[in-house]
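S.K.: Just need the structure, nothing else, for what follows:
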Amino acid sequence: MAGEPSAADEREQAESLARIEQGGIPLAAERRLQALREGARGAFTSDLSVAEFALGEQLRVKPLSQVMGSCVYQIGSQWSYPFQGSYSWDGGLVQELAITEAWNEARTRALSRMGQEAAHVGADAVIGVEVRRGERDWAQGAVEFVMVGTAVRESGQSRGTPILTDLSLQDYWKLRQAGIEARAFVGSTCCFFVYRGAMARNRQLLAFASNEEIPEYTQGVYAAREVALARLTDQARSAGAEGVVGVSIDHTMEMQEIGTVGEHLRGLVVTFHVTGTAIGASSGVTIAPAQLQIELNEKGATA
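M.R.: Numbers count the residues shown, from 1 in each chain. Sure, this is the predicted structure:
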C-alpha cells in the first residue's frame with residue numbers, strides 16, 4: 001500500500017532506535033552531517049549573530065553547522081536515590097530526590113549527542129551552547145534536555161574531540177588570545193525535598209500573626225545549591241580545568257506531594273540547575289599575574 005514504510009525504512013528506524021538506546025544519534029542525522037563535512041549538500045546553518053559571523057571571517061573561524069543534542073528521560077521512584085546531604089529534625093526532612101539523577105543523566109546524554117554531531121561535521125568546537133529543558137504534558141513523569149550550538153572549525157586547528165562551550169565567539173577568542181582555552185561545558189542539577197515536621201508547623205501556627213523566616217525551607221535552598229555547585233566543580237576538575245566562567249544558576253521552588261512507603265508527604269521541592277564553561281591555561285602557556293599600577297601624580301607617572 002502507498003505510504004507504508006518499506007523494509008529498508010523499517011531497518012533504518014530499528015537501527016536508529018538502537019543507536020539512541022546506546023547514547024548515539026539517528027542514522028539520518030549522521031548522514032546529513034557527514035554530507036555537510038564533505039561539501040556535498042547545502043549551505044551551513046548557525047545561530048551566530050552578524051557581528052560574530054564577521055568576526056569569524058577575520059579570525060578564520062568557519063561555522064560548519066548548527067548542531068543539537070536531545071534526551072527525554074523517565075523519572076523513577078523519588079526515594080531510590082543514594083542521598084547526599086539529607087537529614088531530619090523535629091519530624092521534618094531535607095532529602096535529595098531521584099529526579100536529580102534523571103536531570104543529570106539527560107543533560108549528559110544530550111551533551112554527548114551534540115558532541116557526536118559536531119565530530120561528524122568535522123568541528124573543532126561548538127560555541128554558544130544554549131540549554132533548553134522542561135517537563136512535558138505529553139510525557140508525564142519525564143524530563144527533557146535539548147542543547148543547541150554552532151559547530152566551528154579553526155584554521156590550522158585539529159582536535160580529536162570537539163570542545164563544547166556556552167561562550168560567544170567573541171569571548172571564546174578573547175580567552176584564546178589570553179592563553180586560556182575552554183576545556184568543557186559543565187552542568188549539574190540538584191533537587192531537594194523539604195518537609196516540615198509537626199513541631200515546626202505547630203510553631204508557625206502559634207506565631208501566625210508575625211513575619212518570620214521559615215528556616216527549614218532556607219536550609220533546603222542552601223543544601224541544593226551547595227551540592228549542585230560541588231558537583232559542577234568536580235566536573236571541571238575532572239576536565240583538568242582551573243575554574244569555571246559564565247556560571248548560570250537557575251532555581252525553582254514549588255510545593256509538591258511526594259509518596260513514601262505507606263504515606264505521602266507534602267513539602268517544598270527545591271531544584272537548582274547550574275551550568276558554565278570550564279577553562280584552563282593553553283598547553284605550554286604560563287599566565288602572567290596582573291600587575292598593580294598606581295598613579296603617583298597628575299602627569300600619569302606610575303609605579
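
S.K.: can you tell me which residues contact the residue nearest the centre of the chain?
M.R.: The centroid of the chain falls nearest to residue 187 when counting by C-alpha atoms, centre = their mean (4.0 Å). By C-beta atoms under 8 Å, 6 or more residues apart in numbering, the contact list for residue 187 reads 104, 107, 111, 131, 232, 235, 273, 274, 275, 276. All C-beta spots, glycine's among them, are computed from the backbone N, C-alpha and C.

S.K.: before we move on, what about residue 231?
M.R.: By C-beta under 8 Å, 6+ apart, the neighbours of residue 231 are 104, 188, 190.

S.K.: swap the cut-off to 6 Å and go again
M.R.: Counting by C-beta atoms under 6 Å, 6 or more residues apart in numbering, residue 231 touches residue 188.

S.K.: Shouldn't it be within a helix?
M.R.: Yes. Counting by DSSP: H, G, I helix; E, B strand; the rest coil, one finds residue 231 located in a helix.

S.K.: Looking at the contacts of residue 187, spot the one nearest residue 15.
M.R.: The closest of the contacts of residue 187 to residue 15 turns out to be residue 111 (C-beta to C-beta; 22.8 Å).

S.K.: contacting residues for the closest one?
M.R.: 69, 147.

S.K.: three-state assignment of it?
M.R.: Per three-state DSSP, residue 111 ends up helix.

S.K.: I'd like the distance between it and residue 186.
M.R.: According to C-beta to C-beta, to the nearest Å, residue 111 and residue 186 sit 9 Å apart.

S.K.: got it, and residue 237?
M.R.: Distance from residue 237 to residue 186, by C-beta to C-beta: 10 Å.

S.K.: same deal with residue 7?
M.R.: 44 Å.

S.K.: With residue 118 instead?
M.R.: On the measure of C-beta to C-beta, residue 118 and residue 186 end up 17 Å apart.

S.K.: what about the strands in the stretch 1-150 of the chain?
M.R.: 61-74, 87-89, 92-96, 125-134, 142-154 (DSSP state E, counting those that start in this stretch).

S.K.: By mean pLDDT, show me the worst of the ones you listed.
M.R.: Looking at the strands of the stretch 1-150 of the chain, the lowest mean pLDDT belongs to strand 87-89 (a mean of 50).

S.K.: beta partners for residue 134?
M.R.: residue 144 (DSSP bridges).

S.K.: hmm, who's touching the helix or strand hosting residue 255?
M.R.: Under the criterion of DSSP states H and E, residue 255 resides in strand 243-260. For strand 243-260, the external contacting residues (C-beta under 6 Å, 6+ apart) are 78-79, 166, 193, 236, 264-266, 268-279.

S.K.: what ranges of the stretch 151-300 of the chain fall below the confidence cut-off?
M.R.: Applying pLDDT under 70 to the stretch 151-300 of the chain picks out residues 156-159, 197-210, 259-263, 284-300.

S.K.: residue ranges of the helices in it, please?
M.R.: Along the stretch 151-300 of the chain, counting by DSSP state H, counting those that start in this stretch, helices occupy 169-177, 198-206, 215-238.

S.K.: Got phi/psi on residue 49?
M.R.: Backbone geometry at residue 49, expressed as degrees, to the nearest 10, gives phi -70, psi 170.

S.K.: Check the burial of it by counting its neighbours.
M.R.: Number of residues near residue 49 (other C-beta atoms under 10 Å) recorded here: 13.

S.K.: quick revisit: show me the beta-bridge partners of the residue nearest to the centre of the chain.
M.R.: Beta-bridge partners, per DSSP bridges, of residue 187: residue 275.

S.K.: beta partners for residue 271?
M.R.: With DSSP bridges as the rule, residue 271 is bridged to residue 191, residue 252.

S.K.: I'd like to know how many residues surround the closest residue in space to residue 146 that isn't next to it in sequence.
M.R.: Distance criterion C-beta to C-beta, 6 or more residues apart in numbering; nearest residue to residue 146, sequence neighbours excluded, is residue 132 at 4.4 Å. Using other C-beta under 10 Å, residue 132 has 12 other residues around it.

S.K.: Then residue 22?
M.R.: 7.

S.K.: for the one 3 residues further on, same thing?
M.R.: When counting by other C-beta under 10 Å, one arrives at 21 neighbours for residue 25.

S.K.: got the contact list for it?
M.R.: 113, 116.

S.K.: how about a cut-off of 8 Å?
M.R.: Going by C-beta under 8 Å, 6+ apart, the list of residues near residue 25 reads 19, 113, 116, 117, 120.
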